[in-house]
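[1] Here is a sequence together with a model predicted from it:
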Amino acid sequence: MLYQSLLERAQPIEYALDWGCLRGLAWGNVSNPRYILLHGWLDNCHSFLPLVEHLLESDEGILALDWAGHGHSDHRPTGNYYHFTDYAYDIWQLIKTHEWSNITLVGHSMGGFVANMVATLLPKQVSHLVLIEAFGLLTSDGENAHEQLLAGFQSRRKSHEARWRPYTAKSNAVLARAKTADFGNQLVEVLVERGIKLMADGHWYWRADPKVRSTSPYRLPAQAVEQILNQLNVPVVLIRGSEGYAQLDKALEQWQDCVPQLQVAEMKGGHHIHMQCPKDIAALVRQQSSS
């Protein structure tokens, strides 16, 4: 498989939190990580393998984590769901517990939304922030709060019966994921390798908890996000793909003035630009974390 050599150098990691275990992969000094990499919704830590290959140097610690309910991390217990604040709390709790400092948070998509919130809460621990195809938060305008709440509750109830479809071969899962991907099949296979498992019935199933697809019953209003981002004081760079997340324009219009130190870099590619242009992004990450 692509990046097999890098995977052989990786250390499996596991962190016990109050609901279960976060797992992932690490390189270098695990006890004092320099970089924490946070993937997007329904991806897993393998999405950062292309970047790690170019970012890895000396003994600097790099942690690439699987979110709760994703990859090899535990699913949240029955009766629990996957609200944005819970993802943020997991990272906040992890950093506080281990007393890490001088951290560069690198977040893609959902991981970026989490990262720019967590960085405001840990100004002494997080020194730099790199956002890939994410800025601010997905918000509610305040006018559809009732509809959002109802849709969220209905979605949670429906998720109790949710199951992933089985695949008779891993290659079929790759083809299914490729249909929604904006990157090549070799990179799709990298993601699928950690995101799928063979069960006793001889079929392949996604590892992710089906409940992660539930609609959020509540989103912060834009004004609240503005208040939070006003507390973001570390150096920040936003990396966006030329054919990436269209809503970034609106997010920048709303909140760019809240983060005057924000730098924006655009590269040719899509929403998974970190998998498509890893060498250039690694250079930006190193430059950012040394500033």
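    Alright, I've got the coordinates.
[2] Quick check: which ranges of the stretch 1-150 of the chain have low pLDDT?
    142 (pLDDT under 70).
[3] Which stretches in it count as strands?
    For the stretch 1-150 of the chain, strands defined by DSSP state E, counting those that start in this stretch occupy the ranges 11-16, 21-27, 33-38, 61-65, 103-108, 126-132.
[4] need those strands in TSV with distance to Asn44 and mean neighbour count, can you?
    C-beta coordinates here come from the backbone N, C-alpha and C atoms, glycine included. Output for the strands of the stretch 1-150 of the chain, formatted as TSV (distance: least, CB to CB, whole Å; neighbours: other CB atoms under 10 Å):
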stretch	distance to Asn44	mean neighbour count
strand 11-16	13	13
strand 21-27	9	22
strand 33-38	11	25
strand 61-65	9	24
strand 103-108	11	27
strand 126-132	15	25
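[5] Please identify which of these is closest to Glu253.
    strand 126-132 (16.0 Å; CB to CB).
[6] Count the residues that sit near His146.
    8 (other CB atoms under 10 Å).
[7] Pull the distance from stretch 97-105 to the chain's centre.
    Centre-to-centre, stretch 97-105 and its host chain are 17 Å apart (CA atoms, centre = their mean, to the nearest Å).
[8] List the contacts of the residue of the chain positioned farthest from its centre.
    In terms of distance from the mean C-alpha position of the chain, Asp201 ranks first, at 31.0 Å (CA atoms, centre = their mean). Contact analysis of Asp201 by CB atoms under 8 Å, 6 or more residues apart in numbering lists Pro166.
[9] Minimum distance to Ser290: which of the strands of the stretch 1-150 of the chain has it?
    The nearest among the strands of the stretch 1-150 of the chain, by CB to CB, is strand 126-132 at 8.8 Å.
[10] contacts for the closest one?
    With CB under 8 Å, 6+ apart, strand 126-132 has contacts from 95, 101-109, 112, 115-116, 118-119, 232, 234-240, 273-274, 281, 284-285, 288-289, 291.
[11] Save the strands of the stretch 1-150 of the chain as CSV, and put in distance to His146 too.
    Listed next are those as CSV, based on distance: least, CB to CB, whole Å:
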stretch, distance to His146
strand 11-16, 38
strand 21-27, 34
strand 33-38, 32
strand 61-65, 35
strand 103-108, 31
strand 126-132, 31
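[12] closest to Asp141 out of the ones you listed?
    strand 126-132 (22.6 Å).
[13] Run me through the strand neighbours of that closest one, direction for each.
    strand 103-108 (parallel), strand 236-241 (parallel) (DSSP bridges).
[14] Kindly write the PyMOL command that selects the buried subset of the contacts of strand 126-132.
    Remark: buried members of these, expressed as a PyMOL selection using 16 or more other CB atoms under 10 Å:
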select buried, resi 95+103+104+105+106+107+108+109+112+115+116+118+119+232+234+235+236+237+238+239+240+273+274+281+284+285+288+289
